[in-house]
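Student: Test case, fold it:
(one chain, ligands or ions: 2)
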Amino acid sequence: MSIKGWSLEHTYTQLPDIFYRHQRPAGVPAPEMVIFNHKLAGEFGLNAGELADTPEIFTGTELPAGATPIAQAYAGYQFGHFTMLGDGRAILLGEQVTPGGHRFDIQLKGCGRTPYSRRGDGLAALAPMLREYIISEAMFALGIPTTRSLAVVLTGEDVVRERVLKGAVLTRIASSHIRVGTFDFASAYGSKEDLQSLADYCISRHFPQIQADENKYLLLLREACRLQAALIAKWQMTGFIHGVMNTDNMAISGEAIDYGPCAFMDVYHPDTVFSSIDASGRYAYKNQPAIGAWNLSRFAESLLPLIDAEQDKAAETAQGEIASYWARYHENWLDGMRAKLGLATEEPEDAGLIAELLNLMSEHKLDFTNTFRARFEAAELEPWREKWRERLGREHKTPGDAAQMMDRHNPAVIPRNHRVEEALTAAEEGDLSVMHSLLSALQNPYEESETYVRPPAKEACGYKTFCGT
Ligand code: AMP
Ligand code: MG
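Tutor: Ligands and ions are numbered 1, 2, ... in the order given. Here you go, the predicted structure:
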């Protein structure tokens, strides 16, 4: 078989062997390409033209040149409770080194059982895999750090859930799949040497600039905190709700990962939660920043033995990093919200002005995305708008002058739930055109689009998402 641009390496397998198991994908009977990301393939140095016609590779039925498939071990706090997990339905083919010298994991999700499958079947259904494809590509276009999607392929096998569904495999691309949960695992089941190997590996892969520092493990925590503070602030500013922020779904790279029950909110309300399994609202919109801190605290706990031999001292230092996560988060959020309001300068009263706006938006059930995009034209916002105009005036600007800046920070098009559902339903019936037009609008989220800016009709509110596993 020709090389097709593959340049796979396997640095992860240099870790102690508790961190992974060799596992060849089982292969599938009738692989059929549903969607292939030509642009992304090209950027990765892959021969897109040829690969688009080899669904066998993107189901694990054939291995690409140089693949050494493994399943990774990890644990995680799921809704607060520690559990042993691991890649139960995903297999890593290797790390593709791009022409620019960047390293990315190529992972097949839904390609069959692994040693970590527990009672699961290792499979995935078409709609949830397409959903991850759509949302991840939308996140990327919105400028939010994220894993990417290279392909979705039908397997020709049924997957039994509440209904019998068509099986599919998603090819996911990530800077790495090292999670807070990978450290939860190392800390619970590994030796101190194992933990240190993982930390060193993670530093060399993601933060080489801190490698030579004598406090490098503390700096590893600091970097992870910095990236999450940036990521979660971006979620809050686009109304994105991850839905299942367990520690195993938080990547140390700072990329958003695992698009299960996630969704973007239409009407603004801080309590919004879509996931059918999140009855207590642990992962509601308003809780995301605090859950970020909670997860990072678990990460800090795992790192304590490496941070300082004196554990009390280590704990105190680590707490300082969590405090700076909060400071950074607030700073990112406030900077970002100012930009959304068209403000270029800072005034101490800005936080109050923003809080007042959000209260009014929730009281009057206003659409999150459109309210910002329309520059607060809703009648209910008129008294607030007056204050905003005065605030702009102090920058010698009118709302019209702020328009250009605001249009760069307030997307018009987000993957609204009713649109995503419509695309998935059509795709399940074999019509991919609905999804392709949605994807093409999502590629340019800051451009107007008559069709995709419309919020759902009232009946469509009360949307629920499912893990879809
Ligand atoms: P997720 O909810 O996708 O983050 O998955 C949580 C854990 O459950 C991970 O360890 C997955 O590998 C595992 N898992 C999810 N679905 C399946 C499945 N169908 N078969 C085996 N393992 C699964
Ligand atoms: Mg997960």
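Student: quick one: the helices in the stretch 1-150 of the chain?
Tutor: 38-43, 48-51, 126-141 (DSSP state H, counting those that start in this stretch).
Student: Go through those helices and name the closest to ligand 1.
Tutor: Closest to ligand 1 of the helices of the stretch 1-150 of the chain is helix 126-141 (Cβ to the nearest ligand atom; 9.2 Å). The C-beta positions use only the backbone N, C-alpha and C, and glycine is treated the same way.
Student: got the CA coordinates for the closest one in CSV?
Tutor: C-alpha atoms of helix 126-141 as CSV (Å, rounded to 0.1, in the frame of the first residue of the first chain):
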residue,chain,number,x,y,z
LEU,A,126,-23.6,7.4,13.2
ALA,A,127,-25.5,10.4,14.6
PRO,A,128,-23.3,11.0,17.7
MET,A,129,-20.2,10.7,15.6
LEU,A,130,-21.5,13.2,13.1
ARG,A,131,-22.5,15.4,15.9
GLU,A,132,-18.9,15.4,17.3
TYR,A,133,-17.7,16.1,13.7
ILE,A,134,-20.1,19.1,13.4
ILE,A,135,-19.5,20.6,16.8
SER,A,136,-15.7,20.2,16.8
GLU,A,137,-15.4,21.8,13.4
ALA,A,138,-17.7,24.6,14.5
MET,A,139,-15.6,25.2,17.7
PHE,A,140,-12.5,25.4,15.5
ALA,A,141,-14.1,28.0,13.3
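Student: burial count for G101?
Tutor: Neighbour count of G101, defined by other Cβ atoms under 10 Å: 6.
Student: correction: R118
Tutor: Residues lying near R118 (other Cβ under 10 Å) number 13.
Student: Which residue, neighbours along the chain excluded, lies closest to it?
Tutor: Excluding the flanking residues, the one nearest R118 by Cβ to Cβ, 6 or more residues apart in numbering is G88, at 6.1 Å.
Student: So what's the gap between the longest strand belonging to the chain and the chain middle?
Tutor: Longest strand in the chain, counting residues (DSSP state E): strand 148-160. Distance of strand 148-160 from its chain centroid, counting by Cα atoms, centre = their mean, to the nearest Å, is 20 Å.
Student: neighbouring strands for that strand, and are they parallel or not?
Tutor: Looking at strand 148-160 with DSSP bridges, its partner strands are strand 32-36 (antiparallel), strand 164-174 (antiparallel).
Student: winner for burial among the ones you listed?
Tutor: Neighbour counts (mean count of other Cβ atoms under 10 Å) averaged over each of the strands paired with strand 148-160 peak at strand 164-174, with a mean of 24.
Student: W384: what's it in contact with?
Tutor: Counting by Cβ atoms under 8 Å, 6 or more residues apart in numbering, W384 touches E356, L357, L360, F376.
Student: What strand or helix carries the second one?
Tutor: It stands for L357. Using DSSP states H and E, L357 sits in helix 350-363.
Student: For the next helix-or-strand element following that helix, name the packing helices and strands.
Tutor: With elements assigned by DSSP H and E, the helix or strand that comes after helix 350-363 is helix 368-373. Helix 368-373 is packed against helix 399-409, with contacts defined by 3 or more Cβ pairs under 8 Å, 6 or more residues apart in numbering; DSSP states H and E.
Student: now the chain, which segments are flagged as low pLDDT?
Tutor: 1-2, 459-461, 467-469 (pLDDT under 70).
Student: quick one: terminal-to-terminal distance for stretch 63-79?
Tutor: Start and end residues of stretch 63-79 are separated by 36 Å (Cα to Cα, to the nearest Å).
Student: now it, how far from the centre of its chain.
Tutor: 17 Å.
Student: so does that stretch get close to ligand 2?
Tutor: No. Applying Cβ under 5 Å from the ion, one finds stretch 63-79 separated from ligand 2 by no less than 7.5 Å.
Student: tell me which residues of that stretch are tucked away?
Tutor: Under the neighbour-count criterion of 16 or more other Cβ atoms under 10 Å, stretch 63-79 has 63-64, 67-77 buried.
Student: before we move on, which element is the single nearest residue of the stretch 251-400 of the chain relative to ligand 2 in?
Tutor: Proximity of the stretch 251-400 of the chain to ligand 2 (Cβ to the ion) peaks at D258, 4.0 Å away. Counting by DSSP H and E, there is no helix or strand that carries D258.
Student: Next up, the contacts around the closest residue to it other than its chain neighbours.
Tutor: Leaving aside its chain neighbours, D258 sits nearest to N249 (4.2 Å; criterion: Cβ to Cβ, 6+ apart). N249 makes contact with G76, R179, G181, H242, I257, D258, G260 under the criterion Cβ under 8 Å, 6+ apart.
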